[in-house]
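K.L.:
requesting a structural model of the entry that follows:
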Amino acid sequence: MEFSIFKKQIQLLSKAKIGGLEAQFKLAPEIRKQFSEQKINPQNTKKAAVLVIFYPSESGTLNFLLTLRASYKGVHSAQISFPGGKIDRKDICLKNTALREAREEVGIIEKDISIFKEMTDVYIPPSNFIVTPFLGYINYTPKFTKNYEVEALIEVKLSDLLCDSVISTTRLSTSYAKNIIVPCFKLNNYNVWGATAMMLSEIKELIRTI
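P.N.:
Next comes the predicted model:
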């Protein structure tokens, strides 16, 4: 898809119904599906937000950004995610959290980002976070600069996400389960699974409505 075409559909996307847990669970590990909205106590969870940044490549195609997290002593070490993180006491709201974290992690200019939609929250059991994804776009090809939290920048064509052939499975061991098979997207030679795959599944369904 060309970025120019995407821009013309922003208003429709901003008003379109989102798929919610049903859309997310299409790419959720089986062990994750036991955590329905009824089983999550929001009083005990921590809040975070991520930013899904759409932008034109130098050739004009529509891209979005993923990051490979740096390795560290934590449950999300070396995983694929969107730029984002936990809410800070200085943040006015979760939208500001997403923008601030994206600026810190990948060097975006906050004022250049237009956020047009909030997606369904995703609960992440291992870290007990409720993560709110925000969709935004920037009108030019950005020069991303990663900080110490990011090992690599992964610039993905939206057309790749929309192709069903990128849906697959992978076998892995996590902090809470060993040698399990989970659904994933294969994007730019990376296996994208877990919370990020759940978010992408809902985004994919949303984009296909226009």
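K.L.:
need the contact list for the closest residue to Asp91 other than its chain neighbours.
P.N.:
Take Asp91 and drop its neighbours on the chain: the residue closest to it by Cβ to Cβ, 6 or more residues apart in numbering is Thr97, 4.5 Å away. (C-beta placed from N, C-alpha, C; glycine too.) Contacts here follow Cβ atoms under 8 Å, 6 or more residues apart in numbering; on that basis Thr97 touches Lys47, Ala48, Ala49, Gly84, Gly85, Lys86, Ile87, Asp88, Asp91.
K.L.:
what helix or strand is Thr97 on?
P.N.:
Assigned by DSSP states H and E, Thr97 belongs to helix 94-106.
K.L.:
so how far is that helix off the chain centroid?
P.N.:
13 Å (Cα atoms, centre = their mean, to the nearest Å).
K.L.:
what's the first helix or strand after it?
P.N.:
strand 114-118.
K.L.:
now the helices for this protein?
P.N.:
Assigned by DSSP state H, the chain shows helices spanning 3-8, 10-15, 20-24, 94-106, 158-162, 194-207.
K.L.:
run the angle between the fourth one and strand 114-118 for me.
P.N.:
Read that as helix 94-106. 120 degrees (axes from the mean of the first three to the mean of the last three Cα atoms, to 10 degrees).
K.L.:
centroid-nearest residue for this structure?
P.N.:
Phe82 (4.3 Å; Cα atoms, centre = their mean).
K.L.:
so it sits against Leu51, correct?
P.N.:
Yes: counting by Cβ atoms under 8 Å, Phe82 touches Leu51, with 6.2 Å between them.
K.L.:
give the residues shared as contacts by the two.
P.N.:
With Cβ under 8 Å, 6+ apart as the test, Phe82 and Leu51 both reach Pro133.
K.L.:
what score does Glu37 have for pLDDT?
P.N.:
Looking at Glu37, its pLDDT reads 59.
K.L.:
let me redo that: Ile31
P.N.:
Here, the pLDDT recorded for Ile31 equals 77.
K.L.:
excluding its backbone neighbours, what's nearest Phe144?
P.N.:
Val106 (4.6 Å).
K.L.:
how close does the residue nearest to Asp91 get to Phe25?
P.N.:
25 Å (Cβ to Cβ, to the nearest Å).
K.L.:
next: Cys184.
P.N.:
From Cys184 to Phe25 the distance is 14 Å (Cβ to Cβ).
K.L.:
who has more neighbours, the two?
P.N.:
A direct count of neighbours by other Cβ atoms under 10 Å for Cys184 and Phe25 places Cys184 higher, at 23 against 18.
K.L.:
tell me how far the more buried one lies from Ile31.
P.N.:
In terms of Cβ to Cβ, Cys184 sits 14 Å off from Ile31.
K.L.:
also Phe6?
P.N.:
Taken as Cβ to Cβ, the span from Phe6 to Ile31 is 35 Å.
K.L.:
again, but for Tyr55
P.N.:
34 Å.
K.L.:
the more surrounded of those two?
P.N.:
The neighbour comparison of Tyr55 against Ile31 (other Cβ under 10 Å) goes to Tyr55, with 22 against 13.
K.L.:
residues near the nearest residue to that one once chain neighbours are set aside, how many?
P.N.:
Computed as Cβ to Cβ, 6+ apart, the closest residue to Tyr55 that is not its neighbour in sequence is Ile138, at 4.7 Å. Residues within reach of Ile138, counting by other Cβ under 10 Å, total 17.
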